[in-house]
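K.L.:
quick one: sequence and predicted model below, then my questions.
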Amino acid sequence: LGEKLRFFGDANADEVLESVVSLRPTTSLVCDKFVKCTESEPGVLEKVEFQNTESFNFGFDVVDRIAGFDPARRALQWCNDAGEEHLFTMEDISKMSNRAANAFWDLGIRRGDKVMLVLKRRYEYWFALVALAKIGAVAIPATNMLKPHDIVYRVQRGEIKMLLCVNDSELINSVAEAEKEVSISVKAFAGGSKIDGWLDFDEMMNNAADTLDEDRCARNTGAADTMMVYFTSGTSGMPKMVAHDFLYPLGHIVTAKYWQHVEHGGLHLTVAETGWAKASWGKIYGQWICGSAIMVYDMDRFNAANLLSTVQKYKVTTFCAPPTVYRFFIKEDLSKYDWSCVHHCTTAGEALHPEVFEQFHRAMGLRIYEGFGQTESTAITANFYWVDPKPGSMGIPAPSYKVCIINDDGELCESGEEGQVCISLTDGKPCG
């Protein structure tokens, strides 16, 4: 690896190599039964193999399993701009997801039913997402910025049976307008005061049991079952539905361990609202599998200074945000913030300008490792943690994908030739 770094022109190759070795994750994963990662020293991922995947359910095989042998493990550190704080352990997540599962069940939600979650960064999102997986229902996360016609479109296309959303007046009004055109069988809210015609989901969870009867458990889920559906942003037409099966969380081991470089016992913060796929990249699956807790800052609106302070206050160890966030960061006086707790920074979602990379590196001593993927995938290419990141480069292909660059004639591009990033399916559908 040192020779590779020197080849790329890094004068501090030995120092970089020593840093990589010292931070290399060595703890076994809770999902080692399902995923085999073949590495070459000192931790360069060469191959990923998925095994025993006939049946996998994140709720049981990850959340409940960890809660069984390490119940006090930190899972979710949550705060908001009002000064409210909550810390949830894996045992808490297990029990609260059981309560949520029972609440969904009592409302008539069964395996395969579609539930739209519009919860911003409310902690109920994590309870609900795990709960729906446990009973085999389909989660459809969505942003709170939806207008009435957006809600109508999603309810019709997604065959939504239930809507669970944050108690936001503008959103509630949009739902009321949408209901003039479509019918939503069940509506529930999380947080805030009562809403006429809506069920209080927090109250239902509080009244539900924190154990789940076996006849309600969908343990035998796998690649043939849909776990969640995202609607794309619709920048090039109407939003498209993207379905992910129950093996999807396993694909994010590469995202979390080898790109975001999350640490066992660490605290990871990804800046993303739960309505978008980036939340699945950085706010639940790969992080919990790899032993890291999640930091959730439920901000009313983005403020660079507040976010910088939140990272410092809670001692976040790994951080991921869109390039726009880093652009706002370098406009602040970064000398005021102690980010010595942060060991690794990543970015995705748009191109990172080299000047932003350089200024942030000079100010914070942290390089930004850029990655690329889509709503339909996990991390396809990335500047993985063993790679010396090049400003403006989206890195190298993830071993979990067979990535090709194809020209307009459908042929493989020569070195230096521009083309389209494509994934070969000759070996079957990649996990994730």
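P.N.:
Nice, I can see it. Worth saying up front: this structure is predicted, and the values here are computed from it rather than measured.
K.L.:
now the longest helix along the chain: buried residues?
P.N.:
Counting by DSSP state H, the longest helix found in the chain is helix 90-106. Of the residues in helix 90-106, 90-105 count as buried by neighbour count, 16 or more other C-beta atoms under 10 Å. Where you see a C-beta, it was placed from the backbone N, CA and C, and this is true even at glycine.
K.L.:
stretch 319-326 too?
P.N.:
Phe319, Cys320, Ala321, Pro322, Pro323, Val325, Tyr326.
K.L.:
end to end, how far does it reach?
P.N.:
Taking C-alpha to C-alpha, to the nearest Å, stretch 319-326 runs 11 Å from one end to the other.
K.L.:
mind listing residues that contact it?
P.N.:
260, 268-271, 281-282, 302, 304, 307, 311, 342, 344-353, 356, 360, 368 (C-beta atoms under 8 Å, 6 or more residues apart in numbering).
K.L.:
just stretch 347-364 next, same as before
P.N.:
278, 281, 320-324, 326-327, 329-330, 334-335, 339, 342, 345, 366-373, 379, 389, 391-392.
K.L.:
so which of these are in strands?
P.N.:
Cys320, Cys345, Ile368, Tyr369, Glu370, Gly371, Phe372, Gly373, Ala379 (DSSP state E).
K.L.:
measure the fifth one to Ser185 for me?
P.N.:
Put plainly, it is Glu370. Taking C-beta to C-beta, to the nearest Å as the measure, Glu370 falls 43 Å from Ser185.
K.L.:
ok, the two, which is more surrounded?
P.N.:
Glu370 (25 against 13; other C-beta atoms under 10 Å).
K.L.:
okay, and the beta partners of the more buried one?
P.N.:
Counting by DSSP bridges, Glu370 is bridged to Thr347.
K.L.:
check Phe88 too.
P.N.:
Beta-bridge partners of Phe88, as defined by DSSP bridges: Leu76.
K.L.:
tell me the confidence at it?
P.N.:
Phe88 is assigned 98 on the pLDDT scale.
K.L.:
what residues are up against it?
P.N.:
Ala75, Leu76, Gln77, Trp78, Met96, Tyr123, Trp126.
K.L.:
cool, and Gln374?
P.N.:
Here Gln374 is in contact with Ala277, Ile380 (C-beta under 8 Å, 6+ apart).
K.L.:
could I get the pLDDT score of it?
P.N.:
For Gln374, the predicted pLDDT is 93.
K.L.:
report the separation between it and Leu146.
P.N.:
For Gln374, the distance to Leu146 - C-beta to C-beta - is 21 Å.
K.L.:
ok, and the closest non-adjacent residue to Val182?
P.N.:
Val155 (4.6 Å; C-beta to C-beta, 6 or more residues apart in numbering).
K.L.:
need the CA coordinates for the strand or helix carrying the one you found. PDB is fine.
P.N.:
Using DSSP states H and E, Val155 sits within helix 148-158. Output of helix 148-158 as PDB, limited to C-alpha atoms (Å, rounded to 0.1, in the frame of the first residue of the first chain):
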ATOM      1  CA  PRO A 148     -50.100  17.900  -2.200                       C
ATOM      2  CA  HIS A 149     -49.600  16.600  -5.800                       C
ATOM      3  CA  ASP A 150     -46.400  14.800  -4.600                       C
ATOM      4  CA  ILE A 151     -48.400  13.000  -1.900                       C
ATOM      5  CA  VAL A 152     -51.200  12.100  -4.300                       C
ATOM      6  CA  TYR A 153     -48.600  10.700  -6.800                       C
ATOM      7  CA  ARG A 154     -46.900   8.600  -4.100                       C
ATOM      8  CA  VAL A 155     -50.100   7.300  -2.600                       C
ATOM      9  CA  GLN A 156     -51.300   6.200  -6.000                       C
ATOM     10  CA  ARG A 157     -48.100   4.800  -7.300                       C
ATOM     11  CA  GLY A 158     -47.000   3.200  -4.100                       C
END
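K.L.:
what residues sit buried inside it?
P.N.:
Neighbour-count burial for helix 148-158 [16+ other C-beta under 10 Å]: Pro148, Asp150, Ile151, Val152, Tyr153, Arg154, Val155, Gly158.
K.L.:
now flag whichever of those is closest to Thr235.
P.N.:
Of all those, Thr235 sits closest to Asp150, with 13.8 Å by C-beta to C-beta.
K.L.:
which residues does the closest one contact?
P.N.:
Counting by C-beta under 8 Å, 6+ apart, the residues that Asp150 touches are Ser174.
K.L.:
same question for Pro148.
P.N.:
Ser174, Val175, Glu177, Ala178.
K.L.:
mind telling me what element the second one is part of?
P.N.:
Using DSSP H and E, the secondary-structure element containing Val175 is helix 169-178.
K.L.:
which residues sit against whatever helix or strand comes next after that helix?
P.N.:
Using DSSP H and E, the helix or strand that directly follows helix 169-178 along the chain is strand 186-190. If you take C-beta under 8 Å, 6+ apart as the criterion, strand 186-190 is touched by 107-109, 119, 122, 124, 161-167, 172, 175, 195, 197-202, 204.
K.L.:
and with 6 Å instead?
P.N.:
If you take C-beta atoms under 6 Å, 6 or more residues apart in numbering as the criterion, strand 186-190 is touched by 107, 122, 124, 162-167, 195, 198-199, 201-202.
K.L.:
go on, stretch 198-205?
P.N.:
With C-beta under 6 Å, 6+ apart as the criterion, stretch 198-205 contacts Arg99, Ala100, Ala103, Leu164, Lys187, Ala188, Phe189, Ala190.
K.L.:
one more time with 7 Å, if that's ok
P.N.:
Contact partners of stretch 198-205, identified using C-beta atoms under 7 Å, 6 or more residues apart in numbering, comprise Met96, Arg99, Ala100, Ala103, Glu124, Leu164, Lys187, Ala188, Phe189, Ala190, Gly191, Lys194.
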